[in-house]
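Engineer: got a predicted structure here, sequence first:
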Amino acid sequence: MTLRETKMGLAVIKAAYHEFCRDMDGDERDAVAKLWHDCLGKYSYETYGKAIKYHICNCKFAPKISEIIAEIHRIDPNSKHCPEEMALQTRRLQRYLEEMRQEKLEEPEPVPLLTGHTQN
């Protein structure tokens with residue numbers, strides 16, 4: 001998707017959510033468009049547009065980038081994943097596996113149950 005297409009999607013969001021980018025000047029709007037494009041530019045314009053339309057029809061507040069990405073993945077499960085997202089998920093999985101390994105290593109030895117009476 002091109003930067004121009006990203007901006008067109010943002011214009012649709014602005015039309016639906018009048019508060020979206022309301023108090024921003026031109027430079028700030030350009031920075032917002034660049035950020036959205038950096039995060040969403042790898043997706044197709046068609047899927048991006050569908051995600052925006054779905055959000056508008058189902059949510060009363062303007063979307064966050066992460067909400068649009070989640071919707072894109074719902075619409076098209078084979079869509080490209082953001083490399084930063086994949087790295088974060090990989091780190092979480094590695095941390096989880098390390099914690100599981102540590103729990104297994106630190107598992108205490110079973111204590112035998114005493115039955116009957118002890119001798120004096």
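Structural biologist: Everything's here; your move.

Engineer: neighbours of Leu40, just the number please.
Structural biologist: Using other CB atoms under 10 Å, Leu40 has 21 neighbouring residues. Backbone N, C-alpha and C define where each C-beta goes, glycine included.

Engineer: that one and Ile56: what is the separation?
Structural biologist: With distances taken as CB to CB, to the nearest Å, Leu40 is found 16 Å from Ile56.

Engineer: again, but for His18
Structural biologist: Here the criterion is CB to CB. By it, His18 lies 12 Å from Ile56.

Engineer: same deal with Ile75?
Structural biologist: Note on Ile75: its distance to Ile56, by CB to CB, is 14 Å.

Engineer: likewise for Asp25?
Structural biologist: 25 Å.

Engineer: next: Tyr45.
Structural biologist: 16 Å.

Engineer: next: Lys14.
Structural biologist: Distance from Lys14 to Ile56, by CB to CB: 11 Å.

Engineer: mind checking which of Asp25 and Ile56 has more residues around it?
Structural biologist: Taking other CB under 10 Å, Asp25 and Ile56 do not tie; Ile56 has more neighbours (16 against 7).

Engineer: please name the nearest non-neighbouring residue to the more buried one.
Structural biologist: Distances taken as CB to CB, 6 or more residues apart in numbering put Ala16 closest to Ile56, at 4.5 Å, once the chain neighbours are dropped.

Engineer: that neighbour: neighbour count?
Structural biologist: Residues near Ala16, counting by other CB under 10 Å: 16.
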